[in-house]
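I'll drop the sequence and a predicted model, then ask my questions.
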Amino acid sequence: MDLTLVGQGLLSGVLFGGVYSLMAVGLTLIFGVMRVVNFAHGDMMVWGMYLAWMLATRAGIDPYVGFPVCAAVLFTLGWAVQRGLVHRIVDAPHEMQILLMLGVALVLENAALVAFGPDPQRVRSPLTASTLWLGPLFVDVGRLVTFGVALALTGALWVFLGHTDLGRRIRAASDNPYGALVIGTDVGRVYAIAFGIGAACVGAAGALVSPILPFQPAGGLSLSVASFNIVIIGGMGSLLGAFVGGLLVSVAESLGAVFLAPSMKELVSFSLLIVILLLRPAGLFGRRAA
Amino acid sequence: MTGRRPSSPVSRRTVLRGAAAGAAVLGFPLPLRAQAPVIKIGAVHPVTGPLAEPGQACRLGATMAVEAVNAAGGIKAMGGAKLELIVGDTQTKPDVGRTEAERVINQGAQILMGSFDSGSTAAMVPVAQQRRVPFLVDIAAADPITANVAKAVKEGQQKVQYVYRNFPTGSSFGARAVRYFTEIFAESGVAPKRVVLMYCNDLFGQNAAKGFQAGYAAAKPAWEIVDVIPWPEPPQDLSTEVSRAKAARPDIIAPITRPASAQLLLPELRKQRVEVMGIVGPGSPGLYEAGQLAVLKDDLEYVMSAVPWANFKNPRTQKVAEDYFKRSGGKTFDTNSGYSYDGIFVIADALERAKSADADTVADAIKKTHYTAGLMQYAGPVIFNELGDNPNAVTTMIQILGQKPVAVWPKEAAVQKLVFPRPKR
C-alpha cells in the first residue's frame, strides 16, 4: 500500500469532513430543539449554493466573503417555514412531519429548477484554484478555509447555545417546552429562531461548499441523506456528535476509497452507520431517548 | 310584470330547437371536413432530476423535429397526418420511467420514444412489449435494452419486437473508443502507454466501462489499462479517487462521467497536478456541453471524448443547430438534442412506409428502415440489425478547442486538426 496515498486520503478526508460537519450541525440543531426531522435540509443547502452562485456571478462577491448573506437569507426562509408550516405540526406524529417536510423539499427543488435551470453549476473562487504542497501531499486551500470556517461556526454556535440568554432559552424549550412556557419563554418564537439558525447553518454550509461541490436542483436528496447518516452516527440532537460524525464519515469514505474500490466508499459510511446503531443505538454522543 | 306573455312567438322550446339546429349546422361539418388523423408519440425523457439538462435537450430536439415534420406536410402517406407529442418525465428514476410510459400510452400515445438514461429506458421496455406499442429508443447505450427483447422474440417467448434503438450500444462505444485511442496515439507519434479508466458506477457507466475494457481485450493495443477506478454516482468528493489515479502514473486519463461528476473530476485533476498527455473519454456526457464549458472553462480545453456527434458538414444540420441555439438559450445542438431530433424523423419515415399507425405494421416498418437524411454522424444509413440496433450509429472523437467542441477524428468527420498531446500548462 502506497503510504503517500493513505496520507493523502486521510488529509482529504479530514478537510472534507469540515463540509460534512457544517451540513449536519444545522440538521441536528433543528431536531434537537423541535424533534422535527427536516427533510428539506439538503434542498435548503442547494438554495444556499445557488444564492452564493448568484452573489458571485451577479455581484462578483466571493462565496468565502458572501456566505453570511446566504446564511441570513436562509435564516429568514427557515423562520418563515417554521412560523407558517412546521409550527402547526410540532406535536403531530412523525409521519405527518415527514410528509410536510418532503413537500417543502419538493417545492424548493422544483422552484430551483424553474429559477436556475437543470445544468449543474459551480462557483469559481480564486481560493479553490490554489493548492499548498506539504512534500508529496497536497492541501486544497478552498477546503482548508471551509474546514476552518466550519470549525469556527460550530464553535460560535456552541458558545451561543451555552452562554447567551437566548441560547439558554432555546435549550430550555428543547429540554421541556412546557416548563419553558411556565417560566415565561415564548416557545413559538424560540422554535422559529432555532429553525432559522438551523437553516442559516446549512445556508452557510451551502455557500462555503459552492466552489468545491457542483450543484444542481436535484442534488438536495443526496445531501439530506448524507446529513442524516452523519447526524445518526453522531447522535440525534448533539452538536458535538454532528461535528465529530462529519469528520468520521468523511475520513471513513476517503480511506474506503483508498483501500477498497472507490465505488464502495458509501458502503463504508453506511456500514459505519449500522455498526454504530448496533453498538450505540443513540449515536456516539446521543442521549438515550426517554 | 310577472305574468307570462302568451303572445310571444318565441317559446322556450323553439329556442332550444333552434339552438340544436344551429349546433348541428356549426358542429357537424367539423368531423365531416375529414381532419387529417393525428399520430401521438409519447416522448419520455428525464426533464427533472440529476439528468434534467440532457433530458430537456432531448425534449426540445424532439419538439423541433415534430414541428419540422408537421410544417413539411405531416405524414403524406396518411393524408398529411400530423404528429403530436405527449411528453413524459422520468425524473431520472427508472420506476417513474415505467409509470410515465404507462401514462402516455393511456393518454393515447401510439409510439414511444425515449429516454436518455439506460435505467429508465430498460424499465420502459417491458411496458412497450406488453402494451404492444412500438418504442424507438432515441438515446440509451446499455446493450441489454434491445438484446433482451431480441432474445425473447427469438426464443418464442414474445411474438413481435417493438423496441428498436437508433443510438450506439455500450459495447460499440467501447470498441470504437479503443480504435480511436489507438489511431490517435499512433498519429501523434508519442506512444502513450499507461491509461487509467475512471467511471461513474451507475448502469450507464458500468456498461460503458465494461464495453471499453472488452474492446481493449479484443484489440490488444500497444497501450495498457493500468488502473480502473469507479466512483459512486453522484459523488460528493473525488479527491481520493484522483490521488489513486495519480499513484498509477498515467499517461492518459480516460473518464466516463456525468455532468456533475465531470465538474468535480477535472478541477481535481488540475489541483493535484496529474500530468498527463491527454484526458480522453471513451464517451459520456459532461465533457462538451455549453453549460459544462461555462463552468469548467480551461479545465475542459483539449479534453477529448468519443461521443455520438452531429454531422456539422451537413448544411441542414447547421440550420437546425442555429435554430436550436436560439430556442435553447444558447446551447449546442449535440448528442442529446440531435439523436432525439433524428428519432422523430426515423419514426416519421417508418409511418410513411407503414401507411398506418397499427402497432405491428409500424414495428415492421421501423425494422425495415433505410433512412439516409439523419443529421447525426452515421457510418451509413439508419438501419436496424437482428437485435434492433443501428450498427451505423457511431461515435466521433471530439475535442474542446478554443472552448468549443469540434469533431477531430476519424479524419473523414474531422472539422479541425486534433491537438495531442495537450500542451503543458
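Thanks, I have it.

Backbone dihedrals for whichever residue of chain A sits closest to chain B, please?
Nearest to chain B in chain A, going by CB to the nearest CB, is A:P118, at a distance of 3.0 Å. C-beta coordinates here come from the backbone N, C-alpha and C atoms, glycine included. A:P118 adopts backbone torsions of phi -90, psi -10, taken as degrees, to the nearest 10.

pLDDT value on it, please?
Note on A:P118: pLDDT of 80.

which ones are touching B:G380?
Contacts for B:G380 (CB atoms under 8 Å, 6 or more residues apart in numbering or on different chains) come out as B:N392.

Look up how far B:M397 lies from it.
19 Å (CB to CB, to the nearest Å).

got it, and B:D299?
B:D299 is 19 Å from B:M397, by CB to CB.

lowest-pLDDT helix or strand in the chain?
The chain I'm using is chain A. When each helix and strand of chain A is scored by mean pLDDT, DSSP states H and E, helix A:126-129 comes last, with a mean of 76.

other chain: chain B
Ranking every helix and strand in chain B by mean pLDDT, DSSP H and E puts helix B:29-32 at the bottom, with a mean of 44.

State the next helix or strand along the chain beyond it.
Per DSSP states H and E, the first helix or strand lying C-terminal to helix B:29-32 is strand B:38-45.

Partner strands of that next one, with direction?
Using DSSP bridges, the strands paired with strand B:38-45 in its sheet are strand B:82-89 (parallel), strand B:111-115 (parallel).

Dump those into CSV; add mean neighbour count and mean pLDDT as well.
Shown next, in CSV, are the strands paired with strand B:38-45 (neighbours: other CB atoms under 10 Å in any protein chain shown; pLDDT from 0 to 100):
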stretch, mean neighbour count, mean pLDDT
strand B:82-89, 20, 96
strand B:111-115, 30, 95
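
need the contact list for residue 231.
Here I'm looking at chain A. Counted by CB under 8 Å, 6+ apart, A:V231 has contacts A:24, A:27-28, A:31, A:241-242, A:245, A:283.

I was after chain B.
A:257, A:262-263, A:265, B:198-201, B:238, B:241, B:261.

Inside strands: which ones of those?
B:198-200 (DSSP state E).

Same list (those residues) but as a markdown table, adding pLDDT and neighbour count.
A markdown table is the format used below for the ones in strands among the contacts of B:W231 (pLDDT from 0 to 100; neighbours: other CB atoms under 10 Å in any protein chain shown):
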| residue | pLDDT | neighbour count |
| --- | --- | --- |
| B:M198 | 96 | 28 |
| B:Y199 | 95 | 28 |
| B:C200 | 92 | 28 |
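
how about those residues in TSV, adding distance to chain A?
Below are the ones in strands among the contacts of B:W231 laid out as TSV (distance: CB to the nearest CB, whole Å):
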residue	distance to chain A
B:M198	9
B:Y199	9
B:C200	9
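
For the residue positioned nearest the centre of chain B, name its beta-bridge partners.
A centroid search over chain B (CA atoms, centre = their mean) returns B:I139, at 3.0 Å, as the residue closest to the centre. Counting by DSSP bridges, B:I139 is bridged to B:S115.

Low-confidence ranges, chain A, go.
Judged by pLDDT under 70, chain A has its weakly predicted residues at A:1, A:287-290.

quick one, strands of it?
A:131-134, A:137-140.

interface residues of the stretch 1-150 of chain B facing chain A?
B:47-50, B:52-53, B:55-56, B:92 (CB under 8 Å from any CB of the partner chain).

distance of the nearest residue to A:S254 once chain neighbours are set aside from B:S243?
For A:S254, ignoring the flanking residues on the chain, the nearest one in space by CB to CB, 6 or more residues apart in numbering or on different chains is A:G13 at 3.1 Å. Distance, A:G13 to B:S243, by CB to CB: 11 Å.

Good, we can wrap up now.
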